[in-house]
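S.K.: sharing a model that was predicted from the sequence below.
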Amino acid sequence: MRRLNGSLIAGLALVVTAGALAFPVWSYADRSGTGQANMAAGTVNTQWGPLTASDRDLIIRVRLAGLWELPAAEQAMQRSDSATVKEAADHLIVGHKDLDERVRTVANQLGVELPNQPNPQQQAWLQQMSNATDDQYDRTWANLLRSAHGKIFPAIGQVRNGTQNTLVRQLASDTNQTVLDHITFLEATGEVDFDAIANGTI
């Protein structure tokens, strides 16, 4: 009886140990923000090169950007009386229509599932624009969009420099040019509050 209990205890100890060793593998693999080694755990091979978790993240973020920035630009064309704001909005419309077509093609080729509506934060930004009074609209619009473009810009560069997937690299390059163009025209509106963006209050 003692021998049986000892064997049972030893067996349970082995199961618990194996579970503890396996836990970090399945619990952290493919999560953003867990380091390059763990990001690589979500890598799959494609005919265009390996597709990593950070590659997929950029594809999704490009799609999300278009889902909220296009309606934001179309709204500005209707609400703003500023020629420079309307010029910036026109650049956003042209740029995101082109990028959205590209990202949907790339996602289809690589088997990446894309969202079909803005995320909650982006929906809140759109609502904030809609709620802005006429005298505050241009500044609210330009600041929210300039802040969003500034946040995605570093991520584009990291993926562009690090990806081994040719489709993702081309998409990152195209996105980089588009975002830089948008930032330039948003800043040209004269409505951007750089201190508020730098302090994270926007």
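M.R.: Received it, and whenever you're ready, just let me know what you need.
S.K.: so residue 113 sits against residue 107, correct?
M.R.: Yes - in this structure, residue 113 is within contact of residue 107 by Cβ atoms under 8 Å, at 7.5 Å. Quick note: C-beta positions are derived from backbone N, CA and C, even for glycine.
S.K.: neighbour count winner among the two?
M.R.: residue 107 (19 against 10; other Cβ atoms under 10 Å).
S.K.: that one - that's part of a helix, no?
M.R.: Yes - the assignment for residue 107 by DSSP: H, G, I helix; E, B strand; the rest coil puts it in a helix.
S.K.: any figure for the gap between it and residue 65?
M.R.: 14 Å (Cβ to Cβ, to the nearest Å).
S.K.: residue 50 too?
M.R.: Taken as Cβ to Cβ, the span from residue 50 to residue 65 is 24 Å.
S.K.: neighbour count for these two, which is higher?
M.R.: residue 65 (26 against 14).
S.K.: in three-state terms, label that one for me.
M.R.: What three-state DSSP gives for residue 65 is helix.
S.K.: my guess is it contacts residue 148. True?
M.R.: Yes - the pair residue 65 / residue 148 is scored as a contact, 7.3 Å apart, by Cβ under 8 Å.
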